[in-house]
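>>> output the structure for:
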Amino acid sequence: MSDETSDTIAYGRLMHRAMRGLIQTVLSDVSERGLPGEHHFFITFDTTHDDVDIADWLRDRYPEEMTIVIQNWFDDLRVDDDGFWVTLNFGDSPEPLRVPYDAILTFVDPSVEFGLRFESHGDEDPEDEPPTGQDADEGDDSDDGADGNDAEVVRLDAFRKNH
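I've put the predicted structure just below:
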């Protein structure tokens, strides 16, 4: 883990790895047991990441980033050490997605006001930019349009703190 050319501990990089491990653990548990209680997730990811696998029409519609909701309808959630697969319903059209952990920009569970935002990802050095714990704003309406049958792509402005 030590780098011969570095004389500092890369806390930011270590935090990113730990937080992505937390996401892996949570998603693994959900894949085995289902979502408990009112839990649900908004996951924003970088659609330009090399290992993201989504339908061409989704990539055309969301050329930079996309937010998915894992809540009422999702299928075939599979988790491994590099990322997760899930099938979501977009307008009565089931679409499989593959999202590597390195592509995740935000992970939010508004039911318990928990969230993570990754300041940098991919090949960038996140050493000085650890993930930020976020509290979701109470009373947020961003998922009011959900009818429980379709995946939704939503904006997470209410969950992001501007500094």
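>>> can we go C-alpha only for contacts and neighbour counts from here?
Noted.
>>> how about the longest helix along the chain: buried residues?
For the chain, the helix with the greatest residue count under DSSP state H is helix 11-33. By neighbour count on 16 or more other CA atoms under 10 Å, the buried set for helix 11-33 is 12-13, 15-16, 19-21, 23-24, 27-28, 30-31.
>>> and the next element down the chain from that helix?
Per DSSP states H and E, helix 11-33 leads on to strand 41-46 as the next helix or strand towards the C-terminus.
>>> name every strand pairing with that next one and say which way it goes.
Using DSSP bridges, the strands paired with strand 41-46 are strand 65-70 (antiparallel), strand 104-109 (antiparallel).
>>> between helix 11-33 and it, find me the angle.
Between strand 41-46 and helix 11-33, the angle comes out at 130 degrees (axes from the mean of the first three to the mean of the last three CA atoms, to 10 degrees).
>>> for the record, mean pLDDT for strand 41-46?
The predicted model assigns strand 41-46 a mean pLDDT of 96.
>>> restrict that strand to CA atoms and write it as CSV.
What follows is strand 41-46, C-alpha atoms only, in CSV (Å, rounded to 0.1, in the frame of the first residue of the first chain):
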residue,chain,number,x,y,z
PHE,A,41,-31.4,4.8,-3.3
PHE,A,42,-30.7,7.6,-5.7
ILE,A,43,-27.4,6.7,-7.4
THR,A,44,-25.8,9.2,-9.8
PHE,A,45,-23.0,7.9,-12.0
ASP,A,46,-20.8,9.1,-14.8
